[in-house]
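Visitor: got a predicted structure plus its sequence, pasted below:
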Amino acid sequence: MWERGSRGTPDGHAMRTLGRVGGQPVEGSGGRCRQPCRMTHLYFRTGIAMAAGFLVLNLAAATIQVSPDAAGSDLPLRTALEAARQQRASGNPVTLELSGGRYELSQPLEFGPADSGLGVRARIGERPVLSGGTRLQGWRRSEIRPALWEITLPEVKAGRWYFRQLFVNGQRAQRARTPDEGFFRAAGRLGTNSPIELPFKNGDLQPEWAARRDGHVVMWMKWTDLHVPLAGVMPGAGSAAGVATLEGGPRPYWMDEPDARYWIENIPEALDAPGEWYLDRATGVLGYLAPDGLDPNQAEMVAPRLTELVRVHGDGGSRRPVIGLRFEGLTFAEADYDLPAQGMISPQAAVPIPGTFRVEHARDGLIEDCVFENLGGYAVELGRGAQQWRVVGNSIRSLGGGGVRVGEPGNKQPDDEAANHSHRITDNTLRELGRVFAPAVGILVFQSGTNRIAHNHIADLYYTGISVGWNWGYQDTPCRANVIEFNRVEQVGQGRLSDMGGIYTLGPQPGTVVRNNLFRDITSYGYGGWGLYTDEGSTGILIENNVVYGCKSAGFHQHYGRDNVVRNNLIAFNREHELMRTRVEDHLSFSFTGNVVIWDTGDLLGSNWGGGTHQFRLDHNLYFDTRAGTQVAAYRFAGSSWAEWQARGQDVHSQIADPLLVDPARPELGLKPESPAYALGFKPIDLTGLGPRPKGRRP
């Protein structure tokens with residue numbers, strides 16, 4: 001069904017209608033063309049019929065209008081993609097323009113080298129949703145429990161479908177768990193046996209839960225979490241602890257917590273609180289315990305089918321990357337996560353959890369003004385061979401994993417085609433992260449260099465805000481010359497895990513700069529809630545002009561590293577310490593100069609401050625303990641008096657004085673003009689462009 005004609009566009013240029021996809025026209029520019037026109041055949045396959053058109057096309061850009069189709073929104077979208085590929089094969093630029101509505105995908109959208117130069121965008125003022133889920137309709141009340149609603153899913157019973165998330169009116173529903181709030185506590189350390197042995201308090205676990213085989217233990221320990229099947233439960237005798245057997249092997253370096261927190265998930269006995277759900281794999285029955293007043297037949301109930309929504313993959317072997325793809329104004333929603341049969345022990349940063357939008361061997365791409373919500377894993381993954389992508393102005397929220405992951409773990413030096421570098425991740429809002437995998441990170445950079453991470457707002461997650469580097473020690477890696485600036489990072493940790501930072505670095509990173517950021521409210525469960533955290537081997541990093549406050553353990557902590565520079569930062573009101581240093585090494589670990597440090601609880605210096613000025617160097621700083629005021633005799637520097645500290649060669653030109661904050665409740669507002677810090681050389685910290693900028697102000 002082809003139509004010919006033209007219509008005006010908002011800018012006054014004529015558009016030639018080529019055809020319709022999903023009830024909408026396929027358009028090509030009818031404006032001036034200085035190139036010869038060519039004849040092109042377009043074939044549209046819907047799975048029911050084939051239509052062909054013999055059309056005269058201009059070489060100027062074509063726009064294909066796409067809308068959801070009542071017979072299945074996947075069909076017209078994929079039909080439009082095939083039409084676009086035909087156009088691109090002739091060398092014509094093409095953009096798919098999607099109208100609002102739901103496009104429920106039967107499989108991920110895949111883009112290869114033939115799609116180079118393609119644009120996929122939302123129609124102005126409309127919200128197309130690319131969903132990996134299916135709306136569930138036909139709920140019925142349980143005959144036994146009136147508050148329980150049920151639906152039978154034959155595909156689940158037949159073993160063709162299983163899901164681990166359910167979304168109700170755009171919110172992630174709670175999978176049935178016990179206890180409903182808080183945690184069980186291990187009755188001792190888990191030890192080093194394989195399979196894992198969990199000592200539990202009698203009465204917490206029941207043997208029949210293990211017999212079901214679908215029950216999982218979710219446990220938080222240090223910087224990791226476990227999602228492993230409950231394989232066996234042996235109650236203890238009398239008051240003695242019982243022992244539960246968990247799938248998987250131990251990790252001795254983090255399994256020494258004596259009272260690990262855990263809960264049991266996905267057993268029918270736990271379906272006892274409003275808003276919880278349980279899927280019976282054997283019968284295919286999904287049960288949802290609806291809150292008062294909610295009728296699932298009147299609500300939007302979505303179960304995910306896919307774990308990925310978009311795959312962009314060039315051919316690295318033949319050196320044929322995907323070049324210049326653009327995605328603008330789209331919403332990517334309702335994807336699941338996967339677990340192997342033996343479950344998963346998620347290490348630091350939830351490394352095994354992939355992105356829902358995955359890119360490999362592609363360069364010069366754009367993801368702008370999109371929404372990523374209600375996904376099981378990370379939102380965006382720029383992986384092997386991804387170069388010079390722009391991830392700009394997106395809203396990323398309610399994710400099982402983290403926000404954006406860049407590069408690959410490991411410290412292998414890739415060749416030029418496989419290298420990952422030079423991305424621009426700016427002006428994004430990332431909130432409600434790690435809702436399934438607590439160790440997930442807001443923005444995670446593995447072995448990737450020359451990236452700019454700027455003007456992002458990262459908040460409400462359970463581990464690190466921004467993590468850069470993936471090397472424990474001093475081995476050379478490609479992670480270098482990254483710029484992290486003008487980011488607002490807050491509400492990190494929230495007492496869930498330990499050993500985290502607002503900004504967390506690992507390994508040598510010559511040329512990396514962390515500047516003009518705000519890091520606040522970094523709260524760990526146990527040790528390690530730090531604002532600025534240069535961890536193992538961090539080297540060659542400049543940290544300047546940042547404001548850090550309200551962190552549990554310290555504003556700045558260096559575990560060990562070399563030749564880092566920490567200057568002109570405002571570090572204030574952290575709870576246990578302001579500065580920490582761990583390992584003594586026979587080289588200059590860092591210099592700490594020209595900073596303002598203010599505290600009202602805890603002490604100034606924590607952990608290990610042994611060694612001399614050739615190992616760390618502090619000077620030209622302004623210190624102020626609001627409890628002691630200017631009574632110098634009350635100050636202690638790693639157990640030394642002010643005079644003894646200076647006699648060690650530290651802080652020889654520093655001062656103790658009130659820095660005169662504009663507002664002590666908001667240190668980011670800076671210092672009053674008459675602050676004594678300025679006489680020491682402190683420069684006002686510019687945070688005026690902090691966080692995401694309006695679209696018109698982005699470069």
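Guide: Perfect, thanks for sending it. Numbering: from 1, shown residues only.
Visitor: residues of the longest helix anywhere in the chain that come out buried?
Guide: In the chain, taking DSSP state H as the definition, the longest helix is helix 74-89. Residues of helix 74-89 classed as buried: 74-81, 83-84, 86-88 (neighbour count, 16 or more other C-beta atoms under 10 Å). C-beta coordinates here come from the backbone N, C-alpha and C atoms, glycine included.
Visitor: relative to Pro352, which of the residues you listed is nearest.
Guide: Asp74 (28.5 Å; C-beta to C-beta).
Visitor: surely that closest one touches Arg102?
Guide: No. The criterion here is C-beta atoms under 8 Å, and Asp74 misses it with Arg102 at 10.5 Å.
Visitor: any low-confidence regions in the chain?
Guide: 1-61, 70-72, 252-253 (pLDDT under 70).
Visitor: separation between Ala210 and Pro274?
Guide: 27 Å (C-beta to C-beta, to the nearest Å).
Visitor: who has more neighbours, the two?
Guide: Shown here are Ala210 and Pro274; by other C-beta atoms under 10 Å, Ala210 has more neighbours (20 against 13).
Visitor: residues touching the host helix or strand of the more buried one, excluding its own?
Guide: Taking DSSP states H and E as the criterion, the element that holds Ala210 is helix 207-211. Contact with helix 207-211 is made by 215, 230-235, 244-245, 264, 267, 269, as judged by C-beta atoms under 8 Å, 6 or more residues apart in numbering.
Visitor: show me how to select, in ChimeraX, the buried members of the residues you listed.
Guide: The following ChimeraX line selects those of the contacts of helix 207-211 that are buried, judged by 16+ other C-beta under 10 Å:
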select :215,230,231,232,233,235,244,245,264,267
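Visitor: which one of the contacts of helix 207-211 sits closest to Ser553?
Guide: Using C-beta to C-beta, these come closest to Ser553 at Ile264, 31.0 Å.
Visitor: for the host helix or strand of the closest one, packing partners?
Guide: Element membership for Ile264, per DSSP H and E: strand 261-265. Applying 3 or more C-beta pairs under 8 Å, 6 or more residues apart in numbering; DSSP states H and E, one finds that strand 261-265 contacts strand 177-178, strand 184-185, strand 216-221.
Visitor: ok, then the element right after the last one?
Guide: By that I understand strand 216-221. Counting by DSSP H and E, what follows strand 216-221 is strand 224-234.
Visitor: can you list the strands that that next one pairs with?
Guide: strand 216-221 (antiparallel), strand 242-246 (antiparallel), strand 344-346 (antiparallel) (DSSP bridges).
Visitor: how distant is that strand from the center of its chain?
Guide: Remark: strand 224-234 is offset 25 Å from the chain centroid, using C-alpha atoms, centre = their mean, to the nearest Å.
Visitor: go on, stretch 130-149?
Guide: Its chain's C-alpha centre and that of stretch 130-149 lie 30 Å apart, by C-alpha atoms, centre = their mean.
Visitor: buried ones in that stretch?
Guide: Judged by neighbour count using 16+ other C-beta under 10 Å, the buried positions of stretch 130-149 are 130-134, 136, 139, 148-149.
Visitor: among those residues, which pair sits farthest apart?
Guide: Checking these with C-beta to C-beta, the most distant pair is Leu130 and Leu148, at 32.0 Å.
Visitor: OK, contacts around Pro258?
Guide: Contacts of Pro258 by C-beta under 8 Å, 6+ apart are 186, 188-189.
Visitor: now do the SS call for it.
Guide: coil (DSSP: H, G, I helix; E, B strand; the rest coil).
Visitor: tell me how far it lies from Ala186.
Guide: 7 Å.
Visitor: what of Gly365?
Guide: Taking C-beta to C-beta, one finds Gly365 at 46 Å from Ala186.
Visitor: now do Ser398
Guide: Counting by C-beta to C-beta, the gap from Ser398 to Ala186 is 30 Å.
Visitor: for Glu334, same thing?
Guide: From Glu334 over to Ala186 (counting by C-beta to C-beta), the distance is 35 Å.
Visitor: and if you look at Leu136?
Guide: Separation of Leu136 from Ala186 (C-beta to C-beta): 37 Å.
Visitor: could you do Leu461 as well?
Guide: Distance from Leu461 to Ala186, by C-beta to C-beta: 25 Å.
Visitor: again with Glu126
Guide: Applying C-beta to C-beta to Glu126 and Ala186 gives a distance of 51 Å.
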